[in-house]
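Colleague: Need coordinates for the below:
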Amino acid sequence: MYLPSHSLYNIYCFHFFFSYNLMGEMSKLFNSFISDLDNFFHKAYLYFFCKLFSSYTVATFREAFLIWRGPFQPVVSLCHPDYIRPVTSASAYVAPKDDLTYGFFKPWLGDGLLVSEGDKWSQHWCLLAPAFHFDILKPYVKIFNQSTDIMHAKWRHLCAEGSTYLDVFDHISLMTLDSLQKCIFSHDSNCQEKPSPYISSILELSVLITKRFNRFLQHWDSLYFLTEEGRLFSEACRLVHDSTNNVIQARKKVLAEQGPEAFLKNKGKGKTMDFIDVLLLAKDENGKSLSDKEIQEEANTFMFEGHDTTASGISWALYNLAHHQEHQDRCHQEIQELLRGHQPEEIEWDDLSQMPFLTMCIKESMRLHPPVTIVVRKCTKDIQLPDSRIIPKGSVCLIHIFGTHHNPAVWPNPEVYDPYRFDAQNTQKMSPLAFMPFSAGPRNCIGQNFAMSEMKVVLALTLLRFHVLPHEKPAQRKADLILRAEDGLWRKVEPLRSW
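Modeller: All right, here's what the predicted structure looks like:
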């Protein structure tokens, strides 16, 4: 028996065709073919995301369900750990990444870890893993402190002028980009204080990819790159690639002049080993190094994956704590006690493991508002599910992170924010696939320790220095490349004291 049942198939077909008046839309194509067809498919994609993130859908179909990506392509959505496991445990050859979903990133990110597959992915993962070792991450904590200080100084200035309501997502996104430039390139762009063409291009690329995904006729490169948006995308890619390549060439020149031993020795004299340094020095078991193009692709991938996902995690954590003052007060007390006597007042590496309640609050926020909501795979072979049903070869399969995190069969009262779900006693009983904000299985996020470290530093300092309050208008979730809020994520911030 194949997944899904015929009855479920008919329900979705009926609802799609009649809710969106297919024949009425099709008749307009003779008058304005391109515009109307594009708008029609845009409606289909909006419908897809509406149904995908509906609490009713997950509550009704608690293991797996079918949904349509546009009118032609069915997608099998898995939202229970037992049903996700066969896909996450399958090899990259059996369940590779979906070309349509990830292919739009290729002109920007090339064959970086997000897009690459098979042997190349495995080889690059091994070469990149040292860049996320604790010894490399430790000095980054100071960078996180510095970038957070700049953001908080801006907040204090805005509050002093009477602007206490802030779109925290925009501020935090800039702050994470500031930190990433320092961690990847050892470059201080001051992007939090003045415009940066490089940063503007990265933000523009993310927006353009989202728009392209929702516009069916723009899925074809031959059409997309004839449009104004396609030309903007190409220009932004060129600027980002040139900027990254300039850093690589300058660093290679220094490495060639000094030699590897002297280069490492100089880095040991108080200079932080950044991401580019690690990649330039990386060699596989055969002594082969990464090419300049491969280093550029991985640096651009880290820059993309590392800023919005972390910004989303931090912003939604502040959102949840603003609505639960008792948890915010406990976090403040925990951090205040931890930092008592610290001079200067900053988070250090060893402090990251000494904030258990804040960590619980972060995890519960990422359960309720996971930055990455879905992971998409394409099955090259039949995959059998626990009840003996089959996901057929050729199917697009969606690991529904958001759905699993909101599944009442997995999490009782899933819409309630309860950090105590993640205390030591409860986590012992938890399936490893019940909570997967960084994906799951052998292809999970290589940078999750980096992200968690940054989130802890930023949130600890923010809750120490500011009181965060709700905005009068409730936030509406918006599934973009990452989880955002419609019209921004506005919070009221009140400085607690000077620092």
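Colleague: rest of the way, CA atoms for contacts and neighbours
Modeller: Will do.
Colleague: tell me what the helix or strand where residue 366 lies is packed against?
Modeller: Using DSSP states H and E, residue 366 sits within helix 356-368. If you count contacts as 3 or more CA pairs under 8 Å, 6 or more residues apart in numbering; DSSP states H and E, helix 356-368 packs onto helix 292-322, helix 325-339, helix 401-405, helix 448-465.
Colleague: rerun that using 7 Å as the cut-off
Modeller: Judged by 3 or more CA pairs under 7 Å, 6 or more residues apart in numbering; DSSP states H and E, the packing partners of helix 356-368 are helix 292-322.
Colleague: which of the residues in the helix it packs on are buried?
Modeller: Buried positions in helix 292-322, judged by neighbour count with 16 or more other CA atoms under 10 Å: 293-322.
Colleague: ok so, going back, what's in contact with the helix holding residue 366?
Modeller: 313, 316-317, 320, 331, 405-406, 415, 417-420, 422-423, 435, 437 (CA atoms under 7 Å, 6 or more residues apart in numbering).
Colleague: Could you measure from the residue most central in space within the chain over to residue 133?
Modeller: Centroid-nearest residue in the chain, with CA atoms, centre = their mean: residue 309, separated by 3.1 Å. Using CA to CA, to the nearest Å, residue 309 is found at 20 Å from residue 133.
Colleague: all strands of the stretch 51-200 of the chain, in order?
Modeller: For the stretch 51-200 of the chain, the strands defined by DSSP state E, counting those that start in this stretch cover 64-69, 73-78, 165-167.
Colleague: Parallel or antiparallel, which strands does the first one pair with?
Modeller: The reference is to strand 64-69. Strand 64-69 has the following strand partners under DSSP bridges: strand 73-78 (antiparallel).
Colleague: re earlier: surely the residue nearest to the centre of the chain touches residue 369?
Modeller: No. Using CA atoms under 7 Å, residue 309 is not in contact with residue 369, being 11.0 Å away.
Colleague: nearest spatial neighbour of residue 156, skipping sequence neighbours?
Modeller: Using CA to CA, 6 or more residues apart in numbering and skipping the chain neighbours, the partner closest in space to residue 156 is residue 495 (6.6 Å).
Colleague: hang on, that neighbour packs against residue 466?
Modeller: Yes. Here residue 495 reaches residue 466: they are 4.5 Å apart, a contact under CA under 7 Å.
Colleague: Pull the number of nearby residues for residue 114.
Modeller: When neighbours are defined as other CA atoms under 10 Å, residue 114 has 21 of them.
Colleague: and the residue nearest to it when sequence neighbours are not counted, how far is that from residue 165?
Modeller: Distance criterion CA to CA, 6+ apart; nearest residue to residue 114, sequence neighbours excluded, is residue 301 at 6.8 Å. Between residue 301 and residue 165 the computed distance is 32 Å (CA to CA).
Colleague: Check residue 248 too.
Modeller: Look at residue 248 and residue 165: by CA to CA, they are 40 Å apart.
Colleague: Which one's more surrounded, these two?
Modeller: Higher neighbour count among residue 248 and residue 165: residue 248, with 21 against 18, using other CA under 10 Å.
Colleague: Check that one and give its pLDDT.
Modeller: Residue 248 carries a pLDDT score of 96 in this model.
Colleague: Quick check: buried residues in the host helix or strand of it?
Modeller: Applying DSSP H and E as the criterion places residue 248 in helix 228-258. Of the residues in helix 228-258, 229-230, 232-233, 236-237, 240-241, 244-245, 247-248, 251-252, 255 count as buried by neighbour count, 16+ other CA under 10 Å.
Colleague: repeat for stretch 141-160
Modeller: Buried-residue list, stretch 141-160, by 16+ other CA under 10 Å: 141-149, 151-152, 155-156, 159.
Colleague: Also stretch 470-477?
Modeller: 470-471, 475.
Colleague: I'd like these laid out as a markdown table, including distance to residue 193, pLDDT and secondary structure.
Modeller: Formatted as a markdown table, the buried residues of stretch 470-477 follow (distance: CA to CA, whole Å; pLDDT from 0 to 100; DSSP: H, G, I helix; E, B strand; the rest coil):
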| residue | distance to residue 193 | pLDDT | secondary structure |
| --- | --- | --- | --- |
| 470 | 26 | 94 | coil |
| 471 | 25 | 90 | coil |
| 475 | 27 | 88 | coil |
